[in-house]
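Participant: sequence-free structure coming up:
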């Protein structure tokens, strides 16, 4: 029996659908009956369709029986008005093709599945100019384009160089200052949504931008085959290889031989293998998610200087190649596949069931990550959650929620939709972390450091703090992964002897698994280099202080262990900074205010002073509040901080709170002039002094624990300045 194929389209008249002619011709050649119809032509009562048949050079209207198979050729948006009709047809008749969604939903699906996520270019929807500047600080060269851009329109290539921004687009090549760039981004965002991506350099030997179109289809045996692969080359000086923007195409083999010489054969095989692997992967994801198959995709990929492929875009049901007379090849594959599915519905359903079972088995145990430490818990958690969320749906504990009561709340909120869990476990006394682990047992743990926070509750001995932190090591999955700081002297007291899992280490000074080099301050954060997955990567974090590089390293180590690519990690480090953690306020008269008023302990104060010294270009003022729970170590630790202030040559020191004058007294002993040191227990008097002494170009650090309410001084200066 001949297979009857119906082409479903949103347009009523086939004369307006050029490819309908090719389908009609090829169907006859392949021994099929073919007709064209739209949703309004369907009559479910009689099980007939008023279809259009191509005969003797013209389309003729006829009443026809339901087809054996439907080729779904219309626009999903326009056909959505007839959803009820189409859903009813799907229940009775197999469809050759199903939508895999738009380019953003395909990207999200590939990210979540993981296998091909490292071929995706990290993409952020730009919320505001600050978000844009953070991104370009990490990548230097970026592409800025409308989220719903079509045919290469409205794409900007932007390079940051020596504090200036070079912007290129079709018909534009201009250099902007930071203020001008701020205005440019603001103006663009006021009209539509833009995205930003790192620029992937895919250029020919002569410097022209190029990409590859990979066109794959299913054939008459239901298997994926390559219809064509061809390069698209941009005109000289253009950044867009799109054919609609003046780009041109070529045959694959001559292009590869010209550009890659002896490597041409291997690169062809790489492109072919990638095409078929990605098609199979997307097909399996469609089966798993919707119980459907797909039959045709067009993939645009770039190839960087390291010969790495990058997915630019995946198109469902791409247009025919613009040259090479391949239209009939595309149509032939579609017709043969239509014949195949009309006769093999049972086998296709069995394959879908098999794929669902297979993928269900491979769904991994989700990572449950707990972070403790004397300092850096919240920042490490924010870094790690930000990286993991580039690919997964992540449950992240809120802000500074780190008590056992908070962990009980988290246990009730975590559900099967979460693909990773990132929690902060705080403690002031022994037994607390054991309780955290009893409520939610982690399989991955990070101990950021062992310092003097809460040391007064442990007889003034850091070993007691280390013992309490070790409860995380004992309470976690004993075959899990533990991340430790190799530069933190007190971490050697952590009880790791009986831990059977994997230990990974981070460091800057001492040899470690993950090491940062060339740590430097930039205008908006810290940059450093490291070796990751055998390549040297330059990382950037949008927060100041070398101590935060350690927090970033811990997050990088765990993300790398979980299979995240360097570029996913680099993008994830552009995190949303926890509030009041070295937050910088630019005030009038070029006065800079550094707010670090969440926690305070001696190591943190010294780290904040380092930030003050690195950010200031003129006078440096340190306002330091009380540090709690130091016990018998209070006096000597206050004195150490005072010595450090004097050694770093802070210009003015102001202390606030019970016994903090000990910091100032020691600073004077170490050489600070008494007239540059002040002490207060009355906040109003402190504020009155600040209004008298603050000058143009000052940089002011305000450091203190939440319980000392030092943020009130930040709020006061914010109002006044």
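Facilitator: Happy to help now that I have it. Note that this is a predicted model, so its numbers are computed, not measured.

Participant: make it CA atoms for all contacts and neighbour counts henceforth
Facilitator: OK.

Participant: Give me the three-state assignment for the spatially most central residue of the chain.
Facilitator: The centroid of the chain falls nearest to residue 390 when counting by CA atoms, centre = their mean (3.1 Å). At residue 390 the chain is in coil, as set by DSSP: H, G, I helix; E, B strand; the rest coil.

Participant: Next, the contact list for it, please.
Facilitator: By CA atoms under 8 Å, 6 or more residues apart in numbering, the contact list for residue 390 reads 111, 568, 572.

Participant: can you do 10 Å?
Facilitator: Residues in contact with residue 390 (CA atoms under 10 Å, 6 or more residues apart in numbering) are 108, 111-112, 117, 122-124, 564, 568-569, 571-572.

Participant: That one and residue 109: what is the separation?
Facilitator: According to CA to CA, to the nearest Å, residue 390 stands 12 Å off from residue 109.

Participant: Please apply the same query to residue 657.
Facilitator: From residue 657 to residue 109 the distance is 54 Å (CA to CA).

Participant: ok, now residue 418?
Facilitator: Using CA to CA, we find residue 418 at a distance of 15 Å from residue 109.

Participant: which parts of the longest helix seen in the chain are buried?
Facilitator: In the chain, taking DSSP state H as the definition, the longest helix is helix 264-290. For helix 264-290, burial by neighbour count (16 or more other CA atoms under 10 Å) applies to 264, 267-268, 271-272, 275-276, 278-280, 282-288.

Participant: tell me the contacts of residue 507?
Facilitator: Taking CA under 10 Å, 6+ apart as the test, what residue 507 contacts is 484-488, 513-517, 549-550, 553-554.

Participant: Looking at strand pairing, list the partners for it.
Facilitator: Residue 507 has these beta-bridge partners by DSSP bridges: residue 515.

Participant: quick one: it and residue 539, what's the gap?
Facilitator: Per CA to CA, residue 507 is found 15 Å from residue 539.

Participant: quick check: mean pLDDT across stretch 166-173?
Facilitator: Regarding stretch 166-173, the rounded mean pLDDT is 87.

Participant: again but with stretch 500-514, I slipped
Facilitator: pLDDT averaged over stretch 500-514 gives 97.

Participant: Give me the buried positions along it.
Facilitator: For stretch 500-514, the neighbour count (16+ other CA under 10 Å) marks 501, 503-508, 512-514 as buried.

Participant: Looking at those, which two lie furthest apart in space?
Facilitator: Using CA to CA, the buried residues of stretch 500-514 reach their maximum pairwise distance at 501 and 508, which is 23.8 Å.

Participant: Which pLDDT does the model give the closest residue to residue 718 other than its chain neighbours?
Facilitator: Leaving aside its sequence neighbours, residue 718 sits nearest to residue 587 (CA to CA, 6 or more residues apart in numbering; 7.5 Å). Residue-level confidence at residue 587 comes out at 91, pLDDT.

Participant: Just to check, residue 64 is in contact with residue 5?
Facilitator: No. Using CA atoms under 10 Å, residue 64 is not in contact with residue 5, being 11.2 Å away.

Participant: Give the residues shared as contacts by those two.
Facilitator: Common neighbours of residue 64 and residue 5 (CA under 10 Å, 6+ apart) are residue 35.

Participant: In a markdown table: the contacts of residue 507, plus secondary structure and distance to residue 636.
Facilitator: Output for the contacts of residue 507, formatted as a markdown table (DSSP: H, G, I helix; E, B strand; the rest coil; distance: CA to CA, whole Å):
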| residue | secondary structure | distance to residue 636 |
| --- | --- | --- |
| 484 | strand | 27 |
| 485 | strand | 25 |
| 486 | coil | 25 |
| 487 | coil | 23 |
| 488 | coil | 20 |
| 513 | coil | 34 |
| 514 | strand | 34 |
| 515 | strand | 32 |
| 516 | coil | 32 |
| 517 | strand | 33 |
| 549 | helix | 28 |
| 550 | helix | 26 |
| 553 | helix | 31 |
| 554 | helix | 30 |
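
Participant: Between all of those, which two are at the greatest distance?
Facilitator: 484 and 517 (17.9 Å).

Participant: remind me which residues of the stretch 251-400 of the chain are low pLDDT?
Facilitator: Where the stretch 251-400 of the chain drops to pLDDT under 70, the residues are 320-325, 362-364.

Participant: and this protein, what are its domains?
Facilitator: 4-92, 122-198, 210-362, 368-572, 583-720 (automatic domain parsing).

Participant: among those domains, which is nearest residue 204?
Facilitator: Using CA to CA, the nearest of those to residue 204 is domain 210-362, at 6.5 Å.

Participant: Isn't residue 86 up against residue 10?
Facilitator: No. Using CA under 10 Å, residue 86 is not in contact with residue 10; the gap is 11.1 Å.

Participant: what touches both of the two?
Facilitator: Contact criterion CA under 10 Å, 6+ apart; residues shared by residue 86 and residue 10: 38-39, 72, 79-80.

Participant: Inside strands: which ones of the residues you listed?
Facilitator: Among these, the members falling in strands (DSSP state E) are residue 72.

Participant: which stretches of the stretch 251-400 of the chain form strands?
Facilitator: Using DSSP state E, counting those that start in this stretch, the strands of the stretch 251-400 of the chain run over 296-303, 309-316, 368-372, 394-396.

Participant: nope, the stretch 551-700 of the chain is what I meant
Facilitator: 583-586, 592-596, 620-625, 652-656, 677-680, 699-703.

Participant: and the closest residue to residue 302 other than its chain neighbours, how many neighbours does it have?
Facilitator: Distances taken as CA to CA, 6+ apart put residue 211 closest to residue 302, at 4.6 Å, once the chain neighbours are dropped. Around residue 211 there are 26 other residues, counting by other CA atoms under 10 Å.

Participant: just residue 666 next, same as before
Facilitator: For residue 666, using other CA under 10 Å, the count is 21.

Participant: Without its sequence neighbours, what residue ends up closest to it?
Facilitator: residue 642 (5.0 Å).

Participant: what about the one you found, distance to residue 601?
Facilitator: 13 Å.

Participant: same question, residue 538
Facilitator: The gap separating residue 538 from residue 601 is 31 Å, by CA to CA.

Participant: Could you check which of those two is surrounded by more residues?
Facilitator: residue 601 (25 against 18).

Participant: got a list of what the more buried one touches?
Facilitator: By CA under 10 Å, 6+ apart, the neighbours of residue 601 are 374-375, 451-455, 626-630, 637-638, 641, 703-705.

Participant: now do residue 579
Facilitator: Listed by CA under 10 Å, 6+ apart, the contact set of residue 579 reads 379, 399-400, 595-598.
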